[in-house]
Every structure is written in C-alpha cells, then in structure tokens.
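[1] give me the fold of what follows.
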Amino acid sequence: MGKTLFITGASSGIGAATARSAVKAGWNVALFARSEDKLTDLAQELGDKALVTTGDATNIDDLTQAVAQTADRFGGIDAAFANAGRGLSKPGTEAGDLDDIKGMVDLNVMGVIMTARATLPQLRKTKGTLVLTGSAAGRRHIQGSIYGATKWFVHGYAGNLAEEMREWGGRCSVVAPGMVDTAFFDDGAPDKLQPQDVADAVMHMIEAPARAVIRETYLMPQN
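    Sure, this is the predicted structure:
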C-alpha cells in the first residue's frame, strides 16, 4: 500500500505543503488538525492517498484514535511529523496573557510529547522516523520569548528521543526553520522561506537511507 506519513497541524502552511510533497512522492498521508473543513478540502485535492483525522494535538485520546484509524486504513505508519504549534498574541512574561501562554506551552510542548507517545508504537513496528518542528528561535536567545523557549524544549527533546529510538532502529529528527511565509505572521513573509522549503527538508529526512539519520535540518532565509 506504500509508506504512510502521519502529520499534525496538517490543515495549512508547512503541514499542508508536506502532505502535498509526500503524496507526490508516493506516500499515503494522514491529515490531523482541528479544522475539519480545511482538512477535507486538502484531502479532496490529494485524492485517495489522504485520510482526514480531526482532533486536538493536546488530547491524547484524539491522537490515539487518529493513529489507530491511520494504521487501519493504510496498514501502519512509517513516519510522523509533529508539526502542530503556535505563538502568542502578545509576547512577554509580564505583558502576555497567562491563558494564552499556557495554551501555547501545552501545544508546543505537551502536544509534541503526546504525538510522540501516540505514534511511537506504530513507528517501532516499521523502524520509522519521527520529525519534530523546531525553529531558529530554539537555537538562540531572543529577548523575552516564551515561544522560543518552547522550541528550545523541542530541540532538546528531539535529541533525547533520537537516542531512545535508535535502540530499536527508529529515527528522530528536528526541522528548524527561520521565518516562513505562513499565517504565523500577521502580514506574511513573502520574501522569506516558503512552506515548500520546509516540506522538502522533511521529505529529505524521512526518505533518507536506513543507515543514516538526519538529526537536524536548520533552514534560514537568504534575505
């Protein structure tokens, strides 16, 4: 039935671009996000290689059910992309809204852990690859950035998980882009990286030969 990629945050931006690239390369894709209408539109575009699985990446029951649906439909999961994440409406420890901060930390940190927890049993069967979305913000200190701190977690967790997964032949990678032209930025960033640039990096990591693991891909715009 071909290889299968499970993607969180698949309804737009980097997730949607990766889904398109994966299907073009012959993969099946399971699209996971809260926006069922956007996922349905994307799945109609991609055809029968796409499966819509709606849910919240901070809800382990939603993720577990989606993973089970994916394995049932396609026979297993060969790679997963923990891509769901967000920033803050107003940054800063004092200036930021506490509920907003908590929601972001839950998604950017616990959502990644829960995606790993839900997909690892399937990835263990295939000696598969788990890719996490990090950020250039997780590689340097940015004044007052709680978002950046969550991405520091992702980078550290990816390295630790890579050591854990290698014991059974699995791989964990992190893709770390700088500014990307997505809805993350209110005014867009058309002269910066495009979602397709990040999707290309993700495909490179999950399609690398079994003898190699690309632990991190760090992308920065030239402009």
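
[2] the chain: strands as residue ranges?
    Assigned by DSSP state E, the strands in the chain fall at 4-8, 28-33, 50-54, 79-82, 129-133, 171-177, 216-219.

[3] CSV for these, including mean neighbour count, distance to residue 116 and mean pLDDT?
    Yep, even glycine has a C-beta here, placed from its N, CA and C like the rest. Formatted as CSV, these follow (neighbours: other Cβ atoms under 10 Å; distance: least, Cβ to Cβ, whole Å; pLDDT from 0 to 100):
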stretch, mean neighbour count, distance to residue 116, mean pLDDT
strand 4-8, 29, 11, 98
strand 28-33, 27, 14, 98
strand 50-54, 21, 17, 97
strand 79-82, 29, 7, 98
strand 129-133, 26, 6, 98
strand 171-177, 25, 8, 97
strand 216-219, 16, 16, 95
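
[4] dump those strands to a markdown table, plus distance to residue 189.
    Putting these into a markdown table (distance: least, Cβ to Cβ, whole Å) gives the following:
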| stretch | distance to residue 189 |
| --- | --- |
| strand 4-8 | 22 |
| strand 28-33 | 22 |
| strand 50-54 | 27 |
| strand 79-82 | 21 |
| strand 129-133 | 16 |
| strand 171-177 | 11 |
| strand 216-219 | 13 |
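
[5] between those strands, which one is closest to residue 88.
    For residue 88, the closest of those is strand 129-133, at 16.6 Å, according to Cβ to Cβ.

[6] any idea how far residue 161 is from the residue nearest to the spatial centre of the chain?
    In the chain, the centroid-proximal residue (Cα atoms, centre = their mean) is residue 83; its distance is 1.8 Å. As judged by Cβ to Cβ, to the nearest Å, residue 83 and residue 161 stand 15 Å apart.

[7] and residue 155, how many neighbours does it have?
    Residues contacting residue 155 under the criterion other Cβ atoms under 10 Å number 18.

[8] how close does residue 203 get to residue 197?
    11 Å.

[9] re the thing from before, which residues does the residue nearest to the centre of the chain contact?
    Residues in contact with residue 83 (Cβ atoms under 8 Å, 6 or more residues apart in numbering) are 7, 8, 9, 10, 14, 15, 18, 131, 133.

[10] distance of the closest residue to the second one other than its chain neighbours from residue 222?
    The shortest distance from residue 8 to any residue that is not its chain neighbour, by Cβ to Cβ, 6 or more residues apart in numbering, is 4.0 Å, and that residue is residue 84. From residue 84 over to residue 222 the distance is 28 Å, taken as Cβ to Cβ.

[11] now do residue 86
    Residue 86 is 26 Å from residue 222, by Cβ to Cβ.
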